[in-house]
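**Q** Structure, please.
(chains A, B and C)
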Amino acid sequence: MINGVAGYMYPNEVELQWSLLIVLYPYITGLVAGAFILASLERVFKVEEVRPTYRLALLTALAFLLVAPLPLQLHLGHPERSFEMYLTPHRTSAMAMFGFVYLWYLMVVLLVEIWLDYRADIVHQAQTRTGVMRWIYRALTLGSQNVSPASRRIDDKVGYVVTVIGIPSAFLLHGYVGFIFGSVKANPWWSTPLMPVVFLFSAMTSGIAAVLVIYVGSSLLRRTRIDMRCLDAVGKYLFYTFVIDFSLEMLDLVHRTYEADESFRSLDFMVHTRLFISQIVVQIFLGTLLPLGLLAATQLVRFSDAIRRRIYVGASLLTLVGIFAMRWNVVIGGQLFSKSFLGYTTYKVEFAAREGLLPALALMILPFVLLLVLVKLLPPWQEQEVTEG
Amino acid sequence: MEITRRQLLTRCTQLLVLTGTAAAALEKTGQAPGPDDTYHMADHWWGMMIDIEKCIGCGNCVRACSKENNVPEGYFRTWVERYQVTEDWEHPKVDSPDGAIHGFPANTDPNVKSFFVPKLCNHCADSPCVQVCPVGATFVSPDGVVLVDPDYCLGCRYCIQACPYGCRYFHPEKHIADKCTLCYHRITQGLTTACCEACPTGARRLCDLKDPNDPVHEFLRNNMVHVLKPQMATGAKVYYNNLDGSVR
Amino acid sequence: MRLLREAGHLVRVALVLAAGVVLFLIIRNAVVPKDFGRYGHFRPEALGVIRAHPVAFAGQSTCVACHDDQAKERAAGKHAHVACEACHGPQAAHVADIANVKPALPDVATLCARCHEKNAAKPKSFPQVVTAEHSGGVACNTCHKPHNPQI
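**A** Numbers count the residues shown, from 1 in each chain, chains lettered A, B, ... in the order given. I've put the predicted structure just below:
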C-alpha cells in the first residue's frame, strides 16, 4: 500500500483534486439559497409567522453569498486568471456560468431586495446620523431621499417582483451547483440527474436551520423575547424540506442499489469502509434521522416552549452538521475511488496549508463577521422599528 | 569522404534543430507559427494505434515521455498497466508500479491470463474534459489533439474530474492542468511522438486518420479493435487491437 | 409623470446596474485576445506556445543520416525496427552540438533485461530469458552484438 492507496488507482488519481475548500463551496451557497427561500416565504407566500426572520434571513444570505466565491478563489491554481470566466465563458461548461449566476443573484436579486426593503431606514439614518456614518448612509441612498408613501408602495411592489424572480434564481444558484457535480459522466458517484434536486433541497434545509440558529442566538444575545409562533413555523418548514430532502437521497440510494451498475460494488465498498463514519454515522444517523426524529416529535407531542426551543436549536445544529457531512461525502467521496473501480485512495486534511483546515475555519467564521457588520449597518430587528416609529 | 558527408548532414540536422530554437523563441511572444510553416492543421486528424500483443511492458514509452515533456515526477502523461485476469473476469488484478517508468518486476503469475496495457490521453473527439473547461483553456485542436493552453488555464481542475481515463494531472509547479499533448511540438514538424519513437516493438504507433495512406485504415479494417470505456461515448482515438474486456 | 418622480430612486438603481454592464462590456472588449475563437473556443496562440516546446528525441531519420554504418548493421538483424533512441535515449542535444554533447553508452545489464527478462505478461512469441539462468551474470554483449543480436 502506497500513500494510503488500496487496490489499483490510475497513477494520476492518487492525489485528490478537490479539497475541503470545495466542500465549503456548495455548503455556503446552499446556506445562501436556503436562507433566501425562507425569507421569500414571508414575502411571496404570505407566511406571516416567519416575519421576524425575514430581514435576518436576507442579511444572512448576503453575508454567506459574499463569502461563497472565496473558497473557489483560494483553491484555483491561478486565482489571478479567474476573471477569464467572465471574459470567455465556455458555453458547454457547467462551471462557466457560475460567475454570471452569482453576479445576477448578488446584484439583481439580493442587493436590490435588501435595498428596497431597508430604504426607509437608510434614508432615516442618512438624515439623523452624523460623521462618517452619515456619509455611508447617504451613499447607500444612491442620492434619493424620497420615502413618500407613494414611493414606498412602489418599492413594495417592485420588491415583491424581485422576490418572485429571486426564488427561481435561488433554485438556479444551488441547483446549478448540483449540476456541476451531477453532469460529470466520468464519475458514477456524482453523475445522477437527481443531484441538482438533492442539492437544492439540502440547501433549503441547511439554510432554514442556519437562520433558525442565528435567530435564536441573536435573540439570546440581545436578551429579547423569542417569538415562539415564528420558531414553530420555521421548525415546521425545516421538517418538511428535510423530509423531502431525505426522501430524495433515499430514492437515489435505492435506485443505485437496485440498478447495481458496474460501479456499484466499488461504491458500496467505499460507503462501508472509507465513508462509513462520515456517511452512515454522521450524515445519515446523526445529521438526518436524529434531527428528523426530533422535529417529528415536535409535530406530534406538545412540549413546553422551553423544550421546543431547545429541540429546534438542537435539531438545527445537527442538520447543519449533517448537510456539511453530505457535501463532504459528495465532494470527497467522489474522489476516493478509482474510475477503474479497482481501488481506493485516502484524503488527509492538512492544517495550516492553503487548502487546509485553518483557512476553511476562517472561511466559515467570516460570514458571521460580515453578518455582524451588516446587522450593525442595517439592523434587522422589527421591534426596534416599532419603538422608534 | 564519409566525414564530409557526415558534416553536411550534421548541418542539415542543425538547421532542423534551429527551426526548433526559433520556435522556442516564440514561446516568449506567444505568436503562432508564421506563413512559412508548411504544417496545415486541416489536413490531419491524429490518433494512435496500440497493439496489446506487441507490448512487452518495458516502460520505454513512459521514460521517453517523461524526458521529452519534462513530466513532473509522480505524474504521468502515459503509463503502462499489467493485467492479471483470473476466471473472476470482472475483478482483474492490476498494477502499474510508478506508472511502469522502470518497467515491471518479473513476478507475473504464469498460471493466469496476463498482458500489458499502455495508456495515454485518448484525444477524444467529443472530449468530456474540453466540455467542462469554464474558460476555453483546454480544447480539441483542428487536427484532433486535446491540448491545454498553459497561459490561460485557471487551475480549477474540473477537467481532471471529467476525464474518465485518469489521463490528466495538476502540474505541481505550473499550477495548471497538464496532460499528453500527443507530442504536438513533434508531430507538427513531421516527427512521431516520443513514446512511439522509443517503443522497441511497434506496440504503439501514431496515426493520421486523414492520411489515406496511413496504416491506421488497414489496422482498423483487419483487427478486432476496441477503445477504452466506449460506453462513455467520448470519441476516443486511441485504438487498441486485441484488448481484453476486463480492461478499464 | 408623478409615478416617474416617485420611482426616481429605482431609475438610479437601474443606472448603476447599467453602468456596471457597460463597464464590463468595455473591459471585456479590451481584454479578450482579438483572435480568440478563430479555430474553436480557445486562444490560437496556444498552438504556437505548445509547438514551441523543444524536441528531446531527434528521431530515427536524423540518427541514421550520420550513423549509417550502425544503421546497416542493425537493419540486417532482429533489432531492425528498434529506433536508435529506444536504447540510446534522447539525442537532440547531441544533434545540436555534436562536438560537445556525446551520448553515454547504455548500461547493457539493465538495458537488455528491460525488454528480454522473462515475464509471463509478455507476449509468448517475444524472445525472453531468465538472465540469471541464461548467462549467469556474464554481460549480454559478450555474446550478442546489440545492433544485431544474433550470436
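
**Q** per-residue pLDDT, residue A:41?
**A** Looking at residue A:41, its pLDDT is 87.

**Q** I should have written residue A:196 there, sorry.
**A** Value for residue A:196, per-residue pLDDT: 95.

**Q** mind checking the SS state of residue A:95?
**A** coil (DSSP: H, G, I helix; E, B strand; the rest coil).

**Q** cool, and the one 4 residues further on?
**A** With three-state DSSP as the basis, residue A:99 sits in helix.

**Q** Now do residue A:205 against residue A:315, distance only.
**A** 11 Å (C-beta to C-beta, to the nearest Å). For glycine as for every other residue, the C-beta is placed from the backbone atoms N, C-alpha and C.

**Q** Then residue B:195?
**A** On the measure of C-beta to C-beta, residue B:195 and residue A:315 end up 58 Å apart.

**Q** again with residue B:130
**A** 45 Å.

**Q** cool, residue B:74 as well?
**A** 46 Å.

**Q** ditto for residue A:361
**A** 24 Å.

**Q** So between the two, which is more surrounded?
**A** residue A:315 (26 against 13; other C-beta atoms under 10 Å in any protein chain shown).

**Q** Secondary structure element holding that one?
**A** helix A:305-331 (DSSP states H and E).

**Q** going on from that helix, what's the next piece of helix or strand?
**A** In N-to-C order, the element after helix A:305-331 by DSSP H and E is helix A:333-336.

**Q** ok, and for that next one, which residues are buried?
**A** Neighbour counts using 16 or more other C-beta atoms under 10 Å in any protein chain shown place A:333, A:334, A:335, A:336 of helix A:333-336 among the buried residues.

**Q** Could you do stretch C:95-113 as well?
**A** Here stretch C:95-113 shows C:95, C:96, C:111, C:112, C:113 as buried, counting by 16+ other C-beta under 10 Å.

**Q** chain center to stretch A:163-171, what's the gap?
**A** Taking C-alpha atoms, centre = their mean, to the nearest Å, one finds the center of stretch A:163-171 at 15 Å from the center of the full chain.

**Q** quick one: that stretch near chain C?
**A** No - judged by C-beta under 8 Å from any C-beta of the partner chain, stretch A:163-171 stays clear of chain C, getting no closer than 13.6 Å.

**Q** residues in contact with that stretch?
**A** The contact list for stretch A:163-171 (C-beta atoms under 8 Å, 6 or more residues apart in numbering or on different chains) reads A:32-33, A:36-37, A:39-40, A:43-44, A:101, A:104-105, A:108-110, A:113, A:200.

**Q** Distance of residue A:143 relative to residue A:170?
**A** 30 Å.

**Q** measure the nearest residue to residue B:110 once chain neighbours are set aside to chain A for me?
**A** Closest residue to residue B:110 apart from its sequence neighbours, by C-beta to C-beta, 6 or more residues apart in numbering or on different chains: residue C:120 at 4.1 Å. Using C-beta to the nearest C-beta, to the nearest Å, residue C:120 is found at 18 Å from chain A.

**Q** Closest to chain B out of the contacts of stretch A:163-171?
**A** residue A:101 (12.2 Å; C-beta to the nearest C-beta).

**Q** Spit out the contact partners of the closest one.
**A** A:169, A:172, A:173, A:176.

**Q** follow-up on the earlier one: which neighbours do residue A:205 and residue A:315 share?
**A** residue A:238.

**Q** Could you check how many residues crowd around residue A:276?
**A** 12.

**Q** contacting residues for it?
**A** With C-beta under 8 Å, 6+ apart, residue A:276 has no contacts at all.

**Q** Could you check how far it is from chain B?
**A** Taking C-beta to the nearest C-beta, one finds residue A:276 at 22 Å from chain B.

**Q** do the same with residue A:331
**A** 10 Å.

**Q** Just send the buried residues of helix A:333-336 back as TSV, with distance to residue A:311 and pLDDT too.
**A** Shown next, in TSV, are these (distance: C-beta to C-beta, whole Å; pLDDT from 0 to 100):
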residue	distance to residue A:311	pLDDT
A:333	30	97
A:334	34	97
A:335	36	97
A:336	35	97
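
**Q** which of the residues you listed come close to chain B?
**A** Among the buried residues of helix A:333-336, chain B is touched by A:334, A:335 when using C-beta under 8 Å from any C-beta.

**Q** coming back round to it: widest-spaced pair of the buried residues of stretch C:95-113?
**A** C:96 and C:113 (31.2 Å; C-beta to C-beta).

**Q** from the stretch 201-350 of chain A, which residue is nearest to chain B?
**A** For the stretch 201-350 of chain A, C-beta to the nearest C-beta, closest residue to chain B: residue A:340, 4.5 Å.

**Q** That residue touches residue A:9, doesn't it?
**A** Yes - using C-beta atoms under 8 Å, residue A:340 is in contact with residue A:9, at 7.1 Å.

**Q** Kindly indicate which of the buried residues of helix A:333-336 lies nearest residue A:195.
**A** For the buried residues of helix A:333-336, the nearest to residue A:195 is residue A:334 (10.5 Å; C-beta to C-beta).

**Q** For residue C:71, grab the count of nearby residues.
**A** Neighbour tally, residue C:71, other C-beta under 10 Å: 16.

**Q** what's the helix or strand for it?
**A** Applying DSSP H and E, one finds residue C:71 within helix C:68-75.

**Q** Ok, residue C:87 next?
**A** helix C:84-88.

**Q** How about the residue of the stretch 101-250 of chain A found nearest chain C, nearest residue that isn't a chain neighbour?
**A** Nearest residue of the stretch 101-250 of chain A to chain C: residue A:144, at 3.6 Å (C-beta to the nearest C-beta). Leaving aside its chain neighbours, residue A:144 sits nearest to residue C:9 (3.6 Å; criterion: C-beta to C-beta, 6+ apart).

**Q** Give me the phi and psi angles of that neighbour.
**A** phi -70, psi -30 (degrees, to the nearest 10).

**Q** same check, this time on residue B:84
**A** phi -120, psi 110.
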